[in-house]
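Engineer: Test case, fold it:
(2 chains)
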Amino acid sequence: MTSGTPPSEERLNVTQLFQQHYDGLYRYLVRLTGDSDLAADAAQEAFVRLVERPPQDRHVRAWLFAVATNVVRDNARARSRWVTLLMGSPDRAPMGDVAPGPDAAAESAERRKVVRAALDRLSWKERTVLLMREEGFAHHEIADAVGTTTGSVGTMIARALNKLAGELASTSESLR
Amino acid sequence: MSLLTGSRHLGDDDLIRYIDHALDHEGMRLSGVHLRTCGECTARLEGLRRQSASVHEWLSLLPAQPDPARRAAAQAAMERARFRRGASGPIGAGWMKAAAAIVLMVGLGMATEPGRAFVANGIVRAAGRDPGPIATRMVEWLGQRKQLERGTLAVQPQRAAPQPEAIELSPSPPPAAAAPAPRPALARVKPGTSAPVRWRPAGPDVTIRFTAVQPRGSATLWIREDATQASSQATRGYRGEEMATSPAGLVVRNTESSRADYTIVIPARYRYIRVRVGDGPETAIPLVKGKDAGYWTIPLQSSVLDEPVLNEPEP
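Structural biologist: Below is the predicted model of the structure:
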């Protein structure tokens, strides 16, 4: 699992970095938060900070994800949105996909709702480690982003994976 | 196992590390050896792999494509930050230049008679009406007591004078250009601040973006075209920056400690825009249709002062 070369080698061609990493960062953030606006805000902020205060000794991609994760977590607006989301609107679907037909749309929306609700039942750290792993980050990079030790990342991933897979398995049974 | 605890089997966390290659070489080897002989751990390993694949599949149902408009906005914000960084330059280098300039000025001031007179003049101006004992002694030490006597009289009426209008909206040439006599001295305005101006053809319009960083004073970017055809907005302005459209032109005003980004959209049928910054000379900038985006750097050296001080006429 690699996540790019150190900034000294890339010399921070920010436009190129934007093209390479924006979509992945946005995907991660929208999964993390369930809110497309918040995800877009945090992704934008991460890239602005990349220009203003570039990382000195870290892989750029991991740095971007860590910064965006912190932006989302620390943002007061994010907190209030989170409360709203957790209180009962897990079906809020991010924008940007091509609209399918009515039946498919209904089923797809139902499934999205299920996944969103299952993700929301994970703790912040569990969700972060799981989604960063999904994006292909190494355990030490995930540890940096969530502020924990590399050794505990495996434990957190295993727990989150069990929890999420269990939730989704039971729900998928009920959907059939 | 074994790996960390000495127990018989691998834990789920060990198995996840094994799957993710997060163990060191020895750990991977030991785990591999164990898995080849332990059916229970192998089954759990396969179970975790299946769970990972299943979660991956479920997560792929969530929409993940960004809104193109938000993506473009994010890139634009990043580019603005880039221009700001370019305009301000490295902080360390700036301080070094400032320190070098001060040393040079002091050196020149001490070395020549006109320089000593200049420094004394500055002290008199700074001290104002009632120069204290320190200012008086410094001026005397420079051998410029005459300046002190004259300066206390000269400074007083200027301080009482009303503040000039910082921004001139009219397209008429500035009075400073027509009148040769006393030239305003720059009072506490850092020269040489610049505004990278970026333009991009976009359909029937040309979008002009620029970032203005003006540590002190005011500056005007004036686009002399039929500005009623233009639309404009100041974005990310923090300290009362203004942009006004009038038939005479489009005026951007930076205020003290401004740091703002501006976006101006004008019709692409214009072949040129003429830009004047403050009371500086007009610059005609060609807008070449179909050309890729580019940018100019327009110096935003303010000549509109908040505290103008006129040079004293020779007696």
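
Engineer: could you check the distance from the residue minimising distance to the centre of chain A over to chain B?
Structural biologist: The structure's chain A has its C-alpha centroid closest to A:Tyr28; by CA atoms, centre = their mean the separation is 2.9 Å. According to CB to the nearest CB, to the nearest Å, A:Tyr28 and chain B sit 9 Å apart. Backbone N, C-alpha and C define where each C-beta goes, glycine included.

Engineer: residues contacting that residue?
Structural biologist: Shown in contact with A:Tyr28 (CB atoms under 8 Å, 6 or more residues apart in numbering or on different chains): A:65, A:68, A:131-132, A:134-135.

Engineer: Repeat that for B:Leu59.
Structural biologist: B:Leu59 sits next to A:31, A:115, A:131, A:134 when contact means CB under 8 Å, 6+ apart.

Engineer: what about the second one, which helix or strand?
Structural biologist: Which is A:Val115. Element membership for A:Val115 (DSSP states H and E) is helix A:102-120.

Engineer: And the third one, by the same measure?
Structural biologist: When secondary structure is defined by DSSP H and E, A:Leu131 falls within helix A:124-134.

Engineer: Return only those of the contacts of B:Leu59 found close to chain B.
Structural biologist: Subset of the contacts of B:Leu59 in contact with chain B: A:31, A:115, A:131, A:134, counting by CB under 8 Å from any CB of the partner chain.

Engineer: what's the closest of those to B:His56?
Structural biologist: Ranked by distance to B:His56 (CB to CB), those are led by A:Glu134 at 6.5 Å.

Engineer: What's the local residue count around that closest one?
Structural biologist: Using other CB atoms under 10 Å in any protein chain shown, A:Glu134 is surrounded by 16 other residues.

Engineer: Tell me the spacing between the closest residue to it other than its chain neighbours and A:Val153.
Structural biologist: By the measure of CB to CB, 6 or more residues apart in numbering or on different chains, the closest residue to A:Glu134 outside its immediate chain neighbours is B:Leu59, 6.0 Å from it. Distance from B:Leu59 to A:Val153, counting by CB to CB, to the nearest Å: 18 Å.

Engineer: Over to A:Val129?
Structural biologist: Taking CB to CB as the measure, A:Val129 falls 6 Å from A:Val153.

Engineer: Show me the common contact partners of these two, please.
Structural biologist: By CB under 8 Å, 6+ apart, A:Val129 and A:Val153 have these common neighbours: A:142, A:146.

Engineer: Now find how far off-centre stretch A:133-143 is within its chain.
Structural biologist: From the chain centre to the centre of stretch A:133-143 is a distance of 12 Å (CA atoms, centre = their mean, to the nearest Å).

Engineer: which parts of that stretch are buried?
Structural biologist: Within stretch A:133-143, the residues scored as buried using 16 or more other CB atoms under 10 Å in any protein chain shown are A:133-135, A:137-139, A:141-143.

Engineer: that older thread, may I ask you to confirm that the residue nearest to the centre of chain A belongs to a strand?
Structural biologist: No - with DSSP: H, G, I helix; E, B strand; the rest coil as the criterion, A:Tyr28 is assigned helix and is not in a strand.

Engineer: could I get the contacts of B:Leu59 as JSON lines with pLDDT?
Structural biologist: Output for the contacts of B:Leu59, formatted as JSON lines (pLDDT from 0 to 100):
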{"residue": "A:Arg31", "pLDDT": "92"}
{"residue": "A:Val115", "pLDDT": "89"}
{"residue": "A:Leu131", "pLDDT": "94"}
{"residue": "A:Glu134", "pLDDT": "91"}
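
Engineer: any idea which of these is the one closest to B:Ala100?
Structural biologist: When those are compared for distance to B:Ala100 (CB to CB), A:Leu131 wins out at 50.6 Å.

Engineer: From A:Leu38, how far off is that closest one?
Structural biologist: According to CB to CB, A:Leu131 and A:Leu38 sit 14 Å apart.

Engineer: likewise A:Thr69?
Structural biologist: With distances taken as CB to CB, A:Thr69 is found 12 Å from A:Leu38.

Engineer: same thing with A:Ala66?
Structural biologist: According to CB to CB, A:Ala66 stands 17 Å off from A:Leu38.

Engineer: And A:Phe137, by the same measure?
Structural biologist: Taking CB to CB as the measure, A:Phe137 falls 21 Å from A:Leu38.

Engineer: What strand or helix carries the nearest residue to A:Met132 once chain neighbours are set aside?
Structural biologist: Leaving aside its sequence neighbours, A:Met132 sits nearest to A:Ile142 (CB to CB, 6+ apart; 4.6 Å). Following DSSP H and E, one finds A:Ile142 within helix A:139-146.

Engineer: ok, residues contacting that helix?
Structural biologist: A:3, A:58-59, A:62, A:65-66, A:69, A:125, A:128-129, A:132-133, A:137, A:149-150, A:152-154, A:156-157, B:17, B:20, B:22.
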